[in-house]
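1. 3D, please:
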Amino acid sequence: MATLAGLTAISGRAGGPGPDDVHDEPSIPAGPFDSLVGQTIGSYRLVRVLGAGGMGRVYLGEHTLIGRKAAVKVLNPNIADADVVSRFFTEARAVNDIRHPNIVEVTDIGEYGPLHCIMMEYLEGETLADRLRRVRVPDVTATARIMRQCMSALDAAHARSLVHRDIKPENIFLRDHPDYPDFVKLLDFGIAKLTTNANTGARAVVGHQTKTGAVLGTPAYMSPEQCLGEGNIDLRSDVYSLGVVLYQMVTGQVPFDGDSLGRLIVCHVQEAPLPPIAVNPGISRALNDVVLRALQKRPQDRFSTMKEMREALDLAVGAVASRRVPTPIFGLRPPGAGNATLLPQNTPGENATAVLRPPARPPARGLSPAPVEVRHELSSRAIVVDSTDRMKSLLFKRLEEDQFPLPALPPATVDCIERAESGKLTFPEAALILGQVPWLRSRIMKLANSAAFPSLMPATTVEQAVARLGIQGLVEALLEIAVREILDGRTPRVREAMRRMWPHSLGVAMLSAEICEALGQPQDGHHAHLAGLFIQVGRPLAGAFLLDAEQQLQRQGERVVMTDPLWFGIIENTYRACTRALLREWRLPDSFAEAATATAYDAAEGRSRKNILRFAEALCHRLGVTFPGRNPTDVERTFQEGRTVLGIDDRSLRQLGHSFRERVTVMAGIRG
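-> Got it, this is the predicted structure:
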């Protein structure tokens, strides 16, 4: 992706740039800018071009008095408006503030007539990208040496509230140094983002702002939050990008390599990378875990600082250097183990680890009761059956008695929806209502300024944000936010089990509205979208209730076995009742509950909302946005039956399925 400082030869390597130094960059318009070689800018005479891009060129410069070499970055004057110039000089000021030995040094900046220039130290060596083209997988020692320096440089930048946002091998320069091999210089802070300092609360002031929703960076190395154009990018985005670089160094390939930008975004946001140890069994399990933690989808699950990541890397590399003594050969018994047998458990890339297991008991002779294992299995089955019945009965009883814990809609959301349904909600009124709830106001502002509502000018007030969404769009957004809060779950077990539910629910909602459009019923699209949001909402409600009930019964001395199969089985049998209860609590139309909880088509109703939602859910599963896992045969049967009931033709199906997975992945990150 072109950036204003995105030049691979920012510091140039000895001998000038090769053919791979410039790629995917538009050419600079012809004019006086093409003839700078031989001219003098400030104290430097420009000798030759080191690199070029859509935003400018980097020249090798020589000081006219002392002969010192420098890399002179010159902004293309044809595009040098105030915002671009401000962004151009931000890099120089930011780098100058950091002053770290592993960050390229800025020696001067200035304006010389129509030209805006940055003078930087000239480096001789190669980029990490060049190195990886020659040495596909460096040894662990060299990898750790390079990564430590990168982490040190980024840690210093983060301490200055600066997030790089374009970490990639092309921006990691390995300088030729006689005493320090692979001396790193981190390049290109041209799209860096200034954030609030966590220690002082201060925020550096610059002359430009990056619009929320703008996707900046290099796709193969972007964090999930960068892919979604989120505005709250913090230092953990750099942790992810450096994790991608580390993955590449230990495996010889990037974790995701899609054939399109949309595919890459889906991978970064939704798909788990293949563990590095599966690609390169020669690395340790500890190093594998460092890489995977850096590549977690949620920022809070990654390393919180570069220092923390560096310490983990040091431990992992240290573990490799001090491997344990080889595991005894299978069948040998270590001293003091009695008759226990030492069985190896082989882990790729690690020496086998020993597990002590007691010797098996000899079989009983003659007539005897059922073996202990069989008696235990029969007992467990009895407990499971009893637990299933108890839990289901308890859940339904609480629903009937209106004692089931249901989350309430925020009062501001209720107020906006009621006024909207009566046709009395205006943009100023909606802004006034939302303005009294900071977190809700913030979510609506973020959505209005996201890629879902692209605009040249950001919405700076709540009223502008509401106007951009429209009253109908505002109602959808408010319910999406409320549903997303439920689907995220309030306990770790629910959250982990339901983590793919939001994309599926939003996918059903989107498809329901699009099916209405394809069937010539656009007026039904809004309500179909809203009903589709609730297709799975009862699952986390049922799941959380069951876990709470399990704990209460255990505290009372009851025998309860809540295994995952049991838990999911009860949820499957009860979640629709929870959905209906929630929709009643939120005073939404009965038709929503009927559509969201339908279990079969009603051919007599034809193109009803209920039939549309059921078909949308089957199509969503069929297109790969699925939760929970469904039997492909059942999905296909439901899909084909829905086509017949609704009369969907092949052309409409192609339109509905076009880039659906990419679209819903992006929208799931933006909406809600």
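2. Find the residue ranges of this protein scoring beneath the pLDDT cut-off.
-> The chain contains residues with pLDDT under 70 at 1-35, 53-54, 91, 190-217, 231, 319-387, 559-561, 672.
3. and it, what are its domains?
-> 32-123, 126-198+211-321 (automatic domain parsing).
4. Looking at these, spot the one closest to Asp590.
-> In terms of Cβ to Cβ, the element of these nearest to Asp590 is domain 126-198+211-321, at 34.3 Å. Every residue, glycine included, has its C-beta placed from N, CA and C.
5. Find out how far that closest one is from the centre of the chain, if you would.
-> 14 Å (Cα atoms, centre = their mean, to the nearest Å).
6. Unless I misread the structure, Ser591 falls within a helix.
-> Yes: judged by DSSP: H, G, I helix; E, B strand; the rest coil, Ser591 forms part of a helix.
7. now it: how far from Glu617?
-> Noted for Ser591: a distance of 17 Å to Glu617, by Cβ to Cβ, to the nearest Å.
8. Tell me which of the domains of the chain sits nearest to Leu432.
-> Closest among these, using Cβ to Cβ: domain 126-198+211-321, at 23.1 Å.
9. for this protein, longest strand please?
-> strand 44-53 (DSSP state E).
10. ok, back up a step: neighbour count for Ser591 and Glu617, which is higher?
-> Glu617 (27 against 14; other Cβ atoms under 10 Å).
11. That one reaches Val508, doesn't it?
-> Yes: the pair Glu617 and Val508 qualifies as a contact (Cβ atoms under 8 Å) at a distance of 5.1 Å.
12. joint contacts of the two?
-> Taking Cβ atoms under 8 Å, 6 or more residues apart in numbering as the contact rule, Glu617 and Val508 both touch Ile535.
13. Could you measure from the spatially closest residue to Pro458 that is not a sequence neighbour over to Ser442?
-> The shortest distance from Pro458 to any non-neighbouring residue, by Cβ to Cβ, 6 or more residues apart in numbering, is to Asn449 (5.1 Å). Taking Cβ to Cβ as the criterion, Asn449 is separated from Ser442 by 11 Å.
14. Give me the more crowded residue out of the two.
-> Asn449 (24 against 13).
15. Return the distance of that one relative to Leu478.
-> In terms of Cβ to Cβ, Asn449 sits 17 Å off from Leu478.
16. just Glu421 next, same as before
-> For Glu421 relative to Leu478 (Cβ to Cβ), the value is 12 Å.
17. Name the residue in the two with the higher neighbour count.
-> Leu478 (24 against 11).
18. Which helix or strand contains that one?
-> Following DSSP states H and E, one finds Leu478 within helix 462-487.
19. got the CA positions of stretch 241-260 in PDB?
-> These are the backbone C-alpha positions of stretch 241-260, laid out as PDB (Å, rounded to 0.1, in the frame of the first residue of the first chain):
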ATOM      1  CA  SER A 241       2.600  -7.100  13.000                       C
ATOM      2  CA  LEU A 242       6.000  -8.000  14.500                       C
ATOM      3  CA  GLY A 243       4.500 -11.400  15.300                       C
ATOM      4  CA  VAL A 244       3.800 -11.800  11.600                       C
ATOM      5  CA  VAL A 245       7.400 -10.900  10.800                       C
ATOM      6  CA  LEU A 246       8.600 -13.400  13.500                       C
ATOM      7  CA  TYR A 247       6.300 -16.100  12.100                       C
ATOM      8  CA  GLN A 248       7.900 -15.500   8.700                       C
ATOM      9  CA  MET A 249      11.400 -15.700  10.100                       C
ATOM     10  CA  VAL A 250      10.900 -19.000  11.800                       C
ATOM     11  CA  THR A 251       8.800 -20.700   9.000                       C
ATOM     12  CA  GLY A 252       9.900 -19.000   5.800                       C
ATOM     13  CA  GLN A 253       6.300 -17.900   5.000                       C
ATOM     14  CA  VAL A 254       3.700 -15.400   6.300                       C
ATOM     15  CA  PRO A 255       0.800 -16.800   8.300                       C
ATOM     16  CA  PHE A 256      -1.800 -15.700   5.700                       C
ATOM     17  CA  ASP A 257      -1.200 -15.300   2.000                       C
ATOM     18  CA  GLY A 258      -4.600 -14.500   0.300                       C
ATOM     19  CA  ASP A 259      -5.000 -13.800  -3.300                       C
ATOM     20  CA  SER A 260      -6.900 -10.600  -2.700                       C
END
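20. Going by neighbour count, list what's buried in that stretch.
-> 241-251, 253-256, 258 (16 or more other Cβ atoms under 10 Å).
21. One more: stretch 286-295?
-> 286-288, 290-295.
22. ditto for stretch 424-433
-> 425, 427, 429-431, 433.
23. Could I get the phi/psi values of His116?
-> Torsion angles at His116 (phi, psi; degrees, to the nearest 10) stand at phi -110, psi 120.
24. Pull the contacting residues for it.
-> By Cβ under 8 Å, 6+ apart, the neighbours of His116 are 74-75, 77, 80, 85, 88-89, 110.
25. Quick check: bridge partners of the closest residue to it other than its chain neighbours?
-> Nearest residue to His116 in three dimensions, chain neighbours excluded: Leu75, at 4.3 Å (Cβ to Cβ, 6+ apart). For Leu75, the beta-bridge partners under DSSP bridges are Gly56.
26. Pretty sure Leu75 sits against Leu36.
-> No: the pair Leu75 / Leu36 is not scored as a contact, 11.8 Å apart, by Cβ under 8 Å.
27. Those two: which has the busier surroundings?
-> Ranked by neighbour count (other Cβ under 10 Å), Leu75 and Leu36 place Leu75 first, with 24 against 17.
28. Do a quick rundown of the helices in the stretch 551-672 of the chain.
-> Along the stretch 551-672 of the chain, counting by DSSP state H, counting those that start in this stretch, helices occupy 564-585, 590-596, 609-622, 632-646, 650-657, 660-670.
29. in the longest one, what's buried?
-> Buried residues in helix 564-585, defined by neighbour count with 16+ other Cβ under 10 Å: 566-567, 570-571, 574-583.
30. Residues touching it, excluding its own?
-> Here helix 564-585 has contacts from 384, 387-388, 391-392, 395-396, 399, 404, 406-408, 486, 497, 534, 536-539, 541-543, 545-547, 590, 592-593, 596-597, 599, 628, using Cβ under 8 Å, 6+ apart.
31. and Gln655, how far is that from Ala316?
-> Counting by Cβ to Cβ - Gln655 and Ala316 are separated by 49 Å.
32. out of these two, which sits in the busier spot?
-> Between Gln655 and Ala316, counting by other Cβ under 10 Å, Ala316 is the more crowded of the two (20 against 12).
33. pretty sure the more buried one contacts Ala286?
-> Yes: Ala316 is within contact range of Ala286, at 3.8 Å (criterion: Cβ under 8 Å).
34. What about Arg443, how many residues nearby?
-> With other Cβ under 10 Å as criterion, Arg443 counts 19.
35. show me the residues around it that make contact.
-> 477, 481.
36. I'd like the distance between Phe189 and Ser152.
-> 16 Å.
37. Over to Arg614?
-> Counting by Cβ to Cβ, the separation of Arg614 from Ser152 is 56 Å.
38. Can you pick out the residue with more neighbours from those two?
-> For Arg614 and Ser152, the more surrounded residue by other Cβ under 10 Å is Arg614, and the numbers stand at 27 against 19.
39. and that one, how far is that from Met498?
-> Taking Cβ to Cβ, one finds Arg614 at 21 Å from Met498.
40. just to revisit the earlier point, format the domains of the chain as CSV; extra columns: distance to Met667.
-> What follows is the domains of the chain, written out as CSV (distance: least, Cβ to Cβ, whole Å):
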stretch, distance to Met667
domain 32-123, 29
domain 126-198+211-321, 9
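41. List just the one of the ones you listed that sits closest to Thr633.
-> Nearest to Thr633, of all the domains of the chain, is domain 126-198+211-321, at 24.8 Å by Cβ to Cβ.
42. now the strands: where do they sit in the stretch 51-200 of the chain?
-> 56-63, 69-75, 106-112, 115-121, 125-127, 162-163, 172-175, 183-186, 193-194 (DSSP state E, counting those that start in this stretch).
43. can you put those strands in TSV and add distance to Gln554?
-> Formatted as TSV, those follow (distance: least, Cβ to Cβ, whole Å):
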stretch	distance to Gln554
strand 56-63	67
strand 69-75	66
strand 106-112	63
strand 115-121	65
strand 125-127	59
strand 162-163	46
strand 172-175	53
strand 183-186	53
strand 193-194	48
